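Engineer: Okay, predicted coordinates and the sequence, questions at the end:
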Amino acid sequence: MKSLICLFLFLVTPHLLFAQRTITVLGEGSASAPPEFINLNLSVNSQDKSAQGLFSKQDAEVDRLMRALTATGIASTDIDKKPHQLNPDFEYGAAGTRLIGYRITTPIDVKLTDLKSLPRILDIASSSGASMINVGGYGIRSHDALKTAATKSALQEAKEHATELAKQIGAQLGDVQSIEEREEVQLGGERERMVRPDPLTQKVELKVVYGVK
């Protein structure tokens, strides 16, 4: 009986110790799309000795800028007026500290979808009450779709590479065992090329583990 048990363990143990062979590869993919909008960061600044006079003045200036922007055809949903930022002004002297007035800033974010109109919009904003203008980055509305396309490209490259490696060892490629996203890089167009920006590019690098049959 003892010898039969030993023989049974001898036959089963190699199967228990057998580990599935795998192939690990890296796949890189990218997808590009032309920018669909550019972000503008505007602000209206005012100052006055009294808070009441300041808010009245600021509201008038903000309304003037908002009307000028909507008159160009920019959708109201693409104009985001932020809350006022109020700061007191103090005078410091030998007699102590004295409040001499207030300063107020109202940020306004604009999503400009007509990229070619950017120079004209900048001129209109500066002449319609905008105290500060900053040209932000380009963007696209369908970012998820761009990443999906880049990921699909990376998976395809990984599969082709793994298939070739499997052939070299006389095996067939099995199912995917795991996928790890190693790197995600977003590249934008050059800010200096405001009228004709470069396409936006999404790059993805994946580490993919395949089983081998």
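Structural biologist: Structure's in. What do you need?
Engineer: from here on, contacts and neighbour counts on C-alpha atoms
Structural biologist: Fine.
Engineer: what's the next secondary structure element after the host helix or strand of residue 109?
Structural biologist: Secondary structure assigned from DSSP states H and E places residue 109 in strand 96-112. Using DSSP H and E, the helix or strand that follows strand 96-112 towards the C-terminus is helix 118-126.
Engineer: tell me the contacts of residue 136?
Structural biologist: 38, 39, 40, 41 (CA atoms under 8 Å, 6 or more residues apart in numbering).
Engineer: Mind checking which of those land in helices?
Structural biologist: Among the contacts of residue 136, no member falls in helices (criterion: DSSP state H).
Engineer: any chance of the residues you listed in TSV, plus distance to residue 111, neighbour count and pLDDT?
Structural biologist: Formatted as TSV, these follow (distance: CA to CA, whole Å; neighbours: other CA atoms under 10 Å; pLDDT from 0 to 100):
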residue	distance to residue 111	neighbour count	pLDDT
38	6	21	92
39	5	17	93
40	6	21	96
41	9	16	96
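Engineer: Between those residues, which sits nearest residue 199?
Structural biologist: residue 38 (12.4 Å; CA to CA).
Engineer: For whichever strand or helix holds residue 47, which outside residues touch it?
Structural biologist: Using DSSP H and E, residue 47 maps to strand 37-48. Residues from elsewhere that reach strand 37-48, judged by CA under 8 Å, 6+ apart: 54, 57-58, 61-62, 101-115, 129-140.
Engineer: now that strand and helix 118-126, what's the angle there?
Structural biologist: If you take axes from the mean of the first three to the mean of the last three CA atoms, to 10 degrees, strand 37-48 sits at 20 degrees to helix 118-126.
Engineer: Strand 37-48: partners in the sheet, and parallel or antiparallel?
Structural biologist: Counting by DSSP bridges, the strands paired with strand 37-48 are strand 96-112 (antiparallel), strand 132-139 (antiparallel).
Engineer: Which positions within the shortest one qualify as buried?
Structural biologist: The reference is to strand 132-139. For strand 132-139, a neighbour-count test (16 or more other CA atoms under 10 Å) marks 133, 135, 138, 139 as buried.
Engineer: Likewise for stretch 140-152?
Structural biologist: So stretch 140-152, judged by 16+ other CA under 10 Å, has buried residues 140, 146, 147, 149, 150, 151, 152.
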